[in-house]
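J.: what's the 3D shape of this:
(2 chains, ligands or ions: 1)
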Amino acid sequence: MVTRDATHLTGGLAPDRPEPAGGQPATPAGQGRIRGALAFLRNIWRQLTSMRTALVLLFLLALASLPGALLPQWSLNTSKTAQYIVDHGSWGRLLNTLGFFQVFASPWYAAIYLLLFTSLIGCLLPRTWDFVGQIRMKPVATPRNLSRMPHFESVSVAGDPAGVAQRINAGLRGWRRVERVEGPSVITVSAEKGFLREVGNLLFHFSLLGLLVAIAVGKLFGFEGSVIVNADDGASSAFCSSTPSNYDNFRPGLLVDGTDLTPFCVNIDKFAATYTSTGQASSFVASIRYQAGAALGTADWTSRALEVNDPLRVQGQRLYLLGHGYSPVFTVTYPDGQTQTGTQPFQPEDSSFTSQGAVKFLDPPGYLGNAVRGHQLAIVGIFAPSALIHGGIMTSEFPAANQPGVAIQIYRGDMGMETGRAQSIFSIDQNQVAIGQLVKLNRANLAPGESMSLDDGTKITFTGYKEWVSLQTSYDPAQGWALIFAITLLIGLMTSLIIKRRRVWFRITTAAPEGTAESGAVDHGPADEAVSVAASTVGRNGVVVGVTDDLVLYVTVEIGGLARTDQAGYGDEFGKLVGVVQGGPDGR
Amino acid sequence: MAVNDQLGNVSYLGFQAALAGYIAALVCFGVEFASSRGAAPTAAEAVSMTLRAAGRGRTAVLDRGRDEKSAEPPNSGIGQIVKPPTSARRPMGPLFGRAGLIVTTIGFAAQVFSIVTRGIAAGRAPWGNMYEFTSMICAAAVAGFLFVLYKTRTRSIGFFVMIPVTILMFVGGTKLYTQVETLVPALHSYWLLIHVLAVSLSSGVLMVSGVASLMYLLRARYERKLKAEQAWVKEAGTPEVTARQPAPAAAGFVPQSVVADKSRLASLPSLATLDRVAYRTAIVAFPVYTFAVIAGALWAEVAWGRYWGWDPKETCAFVTWVFYAAYLHARATAGWRGTRSAWISVLGFVSVLFNLFVINIVVSGLHSYAGLN
Ligand code: HEM
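T.: Reported below is the predicted structural model:
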């Protein structure tokens, strides 16, 4: 018991303890192999749960995370990652195969943290047992040779042993302590403090486990979906989160199939951004209406302003305003007088919102069957909220729509929607142009209201623009738990770092020679040594020892102190404990 | 949000004054440090050296609660390397040291003034961009240093702390400087106040911790040399060197050490002191840093739709956190105390700086605040 306890105090843990040298009795031959295997497993387990392994794994965890910060990651930026791989040739492909562009989903990363957490469990359980045992145990007996302790002092004071012990006890308020009688007129007091430190440490490590579980649950059962919606007083139909296909991009957790989403619907009425004179944004607000639960499908909408840093929380899901941009509106007047209107979000390219994109008109009127495909129209180009033409190139000089303009190029022909290739909403399929199916016509720069004409008499008018917002829905059923564990983690950490574990022992002896004899009778050699140390100390201090003429009794008190981690910081406090013996005002 | 450019300029004056103060302090501490070559080790240093020499036990660094504050000589029975009282030129050093302390304090006051006026000028928390953030970190580091100085009276730390502080201040004041600006909407949140304040304060204090660990490594190297010298001298059987014997009481004759004589490192604080400074500052800063990361996650939940997304900044913050966790672990692991844990602490410090500069400037992510604009 004592040994284990002492190891604990010096900061070592079970695995650091030297193994008892093969003390097992010989086993019958048949069981030998199983025993061997068990011993082998036990050994591995012991290795895995040692402090040293934990340290190495922590190190590996940090190292393995680094590429996640330094290399582009698929999960964060697909195009950048793809570009990086192309730029780095076979190196890029090799790193990609090895998972360096999705570090946090790679098997080697998982291996490290799973090992680490296995080690953590293997380390926590025995420590918890130990700790429960320690709570019930009395403070350990006073070591024989206190002068070997990192903190040691020997003083001699007036009083009888029992009285001095009482004084020490009184001065140790808040310490767990026990008084023991080692022999006639030798009394020891053992005391310890700082049990909460271990509580904090265990709380901290268990919270780590809890946090990991909460993160895992979130990854399994959560989802994220994003969608771009025009802000136009409800002219576009409301966005409803009832099915994944309503999103432009839906990223389900591993156990989410998207069949039972809890729906809500939103209408984006208006979006407003304000800018400083230098073009830096100062606010973004979207005015929305939403409905959920019983209100779905009724005319019952709730209005709200949706802002950055202020998500809408509805039905356990969160709706975020993440981005915004412009959607130019074009009207096409076909030769037969029929008109079609099209609008499409353009992608911002710079901080002044020079945006590029394409508006596609797939169903020209007056054509049937395959002929339709020969007469589809695409308007491809630039939208600039504050247009500035310089050297024939249109850019925007300010993010607000002060002087909107478009620089567009028209294509006519087959968009290639039936080729099966995925098409970006921001561009046309250049393959179709290359094979001559899509023909480049004229180009023009237009201000709102201006038109251009094509060779067949078709008129294209830039009628205006709308603003779009990009919204994201997030769902994570375990994030509340993650927060709770983060808080307990912090509390545990602070407790464990602030509270110091300390032990102190007092041995009170009447330093007269007969004291030596008496204690020697109970406890041999070492006690003599202790007393002789004490005696020499007293001698050095020049204090008169023993019973004096006026019958004042002097006792020698040896004080030893041990701290678990912060040995150096114990000094001041230890000084005060020495003061307790001398009976200063409230122990100082 | 009104922006007050005039007050902003006043604030920048304060910043420049602070930088000037810190440079002066660096020079003063430098002079003191340089002039202390061959100085006698203090009592605690001698104790620290012998304890290290005494064996590479489980507790590599340990001090018997005797502060170097107390001028009392080390216990007899502990080997020591002491030089006779030195020449009259010596007092120059401490003079410069005290001057360094004074200019540091003045610089610090100027910097606090600069930060406060910047906040008033901008009408918001003055830690919204890299210039402001760098200034905060340096202020925290200097405050941390002043506190450590108050606790331990080891001025030589000042020289080593002022090196990174002046470099950061210089870069912050020139390359990173921006006029007072309002913030992009992504930063309009009280989380800015909480998260960034916690990050910058803890980073500043971690800087002191990292510097103390670096000094620890220097000092440990020096002591290894010293020990090698002792061993060599002993082997050679030179009679004067009796480092392992108790010193004669009156120090009438004291053995000398060539290494100690030649190296300025002899005037570094003891290993025990450096270890304690590094540890104490780390355990103050680490929970604050942990809190900062948690607050960042809470903000990310509000702003970006998830509390953790392995954005480069987040990843690097995690790496830093793990390094410091490893440091605290190492200090409780047999065979890892002392030099090895000091190395880990230095790594943690490097990753703090890396996160601040390289990630912000070279690697872009959500934290580059380009997200919405
Ligand atoms: C999951 C990764 C781990 C992390 C992030 C971590 C982090 C920490 C931190 C920050 C501390 C210092 C604060 C305190 O004393 O409470 C600490 C202490 C400690 N950890 Fe861990 N730990 C991890 C895993 C482990 C494992 C696997 C073990 C067991 C082998 C372990 C055993 C300990 C012990 C014994 C202490 C107390 C040291 C002392 O007394 O100062 N930890 N840990």
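
J.: is stretch A:108-119 anywhere near the ligand?
T.: Yes: applying C-beta under 6 Å from any ligand atom, one finds stretch A:108-119 touching the ligand at A:116-117, A:119. For every residue, glycine as well, the C-beta is placed using N, CA and C.

J.: of those residues, which belong to strands?
T.: Among the residues of stretch A:108-119 next to the ligand, none falls in strands (DSSP state E).

J.: biggest helix in chain B by residues?
T.: Determined from DSSP state H, the single longest helix within chain B is helix B:197-236.

J.: next one: that one to chain centre, how far?
T.: Centre-to-centre, helix B:197-236 and its host chain are 11 Å apart (C-alpha atoms, centre = their mean, to the nearest Å).

J.: in it, what counts as buried?
T.: If you call a residue buried by 16 or more other C-beta atoms under 10 Å in any protein chain shown, then helix B:197-236 has these buried ones: B:197-220, B:222-223, B:225-226, B:229-230, B:233.

J.: now swap in stretch A:67-81 and tell me
T.: A:67-76, A:81.

J.: for it, list the C-alpha coordinates in CSV.
T.: Once non-C-alpha atoms are left out, stretch A:67-81 reads as follows in CSV (Å, rounded to 0.1, in the frame of the first residue of the first chain):
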residue,chain,number,x,y,z
PRO,A,67,-0.3,18.5,-42.7
GLY,A,68,-3.9,19.3,-42.0
ALA,A,69,-2.9,22.9,-41.5
LEU,A,70,-0.2,23.1,-44.1
LEU,A,71,-1.7,21.2,-47.1
PRO,A,72,-5.0,22.1,-48.7
GLN,A,73,-7.7,19.7,-47.6
TRP,A,74,-10.5,18.2,-49.7
SER,A,75,-13.0,19.0,-47.0
LEU,A,76,-12.2,22.7,-46.9
ASN,A,77,-11.4,23.6,-50.5
THR,A,78,-11.9,21.1,-53.3
SER,A,79,-10.6,23.2,-56.2
LYS,A,80,-7.5,24.3,-54.3
THR,A,81,-6.7,20.8,-53.4
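
J.: distance from the helix or strand hosting B:Leu353 to the middle of the chain?
T.: Using DSSP states H and E, B:Leu353 maps to helix B:339-354. Chain-centre distance of helix B:339-354: 11 Å, with C-alpha atoms, centre = their mean.

J.: contacts for that helix, please.
T.: A:59, B:164, B:203, B:206-207, B:209-211, B:213-214, B:216-217, B:220, B:275, B:278, B:282, B:316, B:319-320, B:323-324, B:326-327, B:330-331 (C-beta atoms under 8 Å, 6 or more residues apart in numbering or on different chains).

J.: right, and the helix or strand after it?
T.: Beyond helix B:339-354 toward the C-terminal end (DSSP H and E), the next one is helix B:360-361.

J.: which single residue in the stretch 251-400 of chain A comes nearest to the ligand?
T.: Of all residues in the stretch 251-400 of chain A, A:Leu254 sits closest to the ligand, at 22.7 Å by C-beta to the nearest ligand atom.

J.: and for that residue, the neighbour number?
T.: A:Leu254 has 9 neighbours, counted by other C-beta atoms under 10 Å in any protein chain shown.

J.: go on, A:Lys138?
T.: By the criterion of other C-beta under 10 Å, A:Lys138 has 11 neighbours.

J.: chain neighbours aside, what residue packs nearest to it?
T.: A:Val178 (4.6 Å; C-beta to C-beta, 6 or more residues apart in numbering or on different chains).

J.: doesn't the one you found fall inside a helix?
T.: No: counting by DSSP: H, G, I helix; E, B strand; the rest coil, A:Val178 falls outside a helix, being strand.

J.: any idea how far A:Gly561 is from it?
T.: Separation of A:Val178 from A:Gly561 (C-beta to C-beta, to the nearest Å): 16 Å.

J.: out of those two, which sits in the busier spot?
T.: A:Gly561 (24 against 16).

J.: wait, what's in contact with the more buried one?
T.: Contacts for A:Gly561 were tallied using C-beta under 8 Å, 6+ apart; they are A:149-152, A:502-505, A:570, A:574, A:577.

J.: compare those and tell me which is most surrounded.
T.: A:Val504 (29 neighbours).

J.: where does pLDDT dip in chain A?
T.: Filtered on pLDDT under 70, chain A yields the residue ranges A:1-30, A:511-551, A:565-569, A:583-588.

J.: give me the residue from it nearest chain B.
T.: With C-beta to the nearest C-beta, the shortest gap between chain A and chain B falls at A:Gly571, namely 2.9 Å.

J.: can you pull out the helices in the chain?
T.: Went with chain A since none was named. Using DSSP H, the helices found in chain A span residues A:2-9, A:29-48, A:51-70, A:78-87, A:89-97, A:107-136, A:161-171, A:195-221, A:371-374, A:430-434, A:479-498, A:513-522, A:526-541, A:570-582.

J.: oops, chain B please
T.: B:5-34, B:43-54, B:92-122, B:130-152, B:156-174, B:190-191, B:197-236, B:258-262, B:271-303, B:312-330, B:339-354, B:360-361.

J.: hey, least reliable of the ones you listed by pLDDT?
T.: Ranked by mean pLDDT, the helices of chain B bottom out at helix B:43-54, with a mean of 52.

J.: now, which of the contacts of helix B:339-354 lie close to the ligand?
T.: Among these, proximity to the ligand is found for none (C-beta under 6 Å from any ligand atom).

J.: the residue of chain A closest to chain B: how many residues sit nearby?
T.: The tally of other residues near A:Gly571 (other C-beta under 10 Å) stands at 17.

J.: ok so, going back, isn't the residue nearest to A:Lys138 right up against A:Val189?
T.: Yes: A:Val178 is within contact range of A:Val189, at 7.4 Å (criterion: C-beta atoms under 8 Å).

J.: ok, which residues in chain A are in contact with the ligand?
T.: Residues of chain A that fall close to the ligand, judged by C-beta under 6 Å from any ligand atom: A:11, A:13, A:49-51, A:54, A:58, A:116-117, A:119-120, A:123, A:201, A:204-205, A:208, A:493, A:496-497, A:564-565.

J.: out of these, which are buried?
T.: A:11, A:13, A:49-51, A:54, A:58, A:116, A:119-120, A:123, A:201, A:204-205, A:208, A:493, A:496-497, A:564-565.

J.: by proximity to the ligand, which residue of the stretch 201-350 of chain A wins?
T.: Per C-beta to the nearest ligand atom, A:Asn201 is where the stretch 201-350 of chain A lies closest to the ligand, at 3.9 Å.

J.: could you check how far that residue is from A:Thr495?
T.: For A:Asn201, the distance to A:Thr495 - C-beta to C-beta - is 8 Å.

J.: what do you get for A:Glu349?
T.: Counting by C-beta to C-beta - A:Glu349 and A:Thr495 are separated by 52 Å.

J.: of these two, which one has the most company?
T.: The neighbour count for A:Glu349 versus A:Thr495, taken as other C-beta under 10 Å, is higher for A:Thr495 (19 against 16).

J.: and for A:Arg33, the neighbour number?
T.: Around A:Arg33 there are 9 other residues, counting by other C-beta under 10 Å.

J.: so A:Ala111 versus the ligand, what's the distance?
T.: 14 Å (C-beta to the nearest ligand atom, to the nearest Å).

J.: got the CA positions of the helix holding B:Leu353 in PDB?
T.: Extracted in PDB, the C-alpha atoms of helix B:339-354 (Å, rounded to 0.1, in the frame of the first residue of the first chain):
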ATOM      1  CA  THR B 339      15.600  19.000 -20.800                       C
ATOM      2  CA  ARG B 340      13.200  16.900 -22.700                       C
ATOM      3  CA  SER B 341      10.100  18.700 -21.400                       C
ATOM      4  CA  ALA B 342      11.800  22.000 -21.900                       C
ATOM      5  CA  TRP B 343      12.200  21.100 -25.600                       C
ATOM      6  CA  ILE B 344       8.500  20.300 -25.800                       C
ATOM      7  CA  SER B 345       7.700  23.600 -24.200                       C
ATOM      8  CA  VAL B 346       9.800  25.400 -26.800                       C
ATOM      9  CA  LEU B 347       8.000  23.500 -29.600                       C
ATOM     10  CA  GLY B 348       4.700  24.700 -28.100                       C
ATOM     11  CA  PHE B 349       6.000  28.200 -28.200                       C
ATOM     12  CA  VAL B 350       7.100  27.900 -31.800                       C
ATOM     13  CA  SER B 351       3.700  26.600 -32.800                       C
ATOM     14  CA  VAL B 352       2.100  29.600 -31.100                       C
ATOM     15  CA  LEU B 353       4.200  32.000 -33.200                       C
ATOM     16  CA  PHE B 354       3.700  29.800 -36.300                       C
END
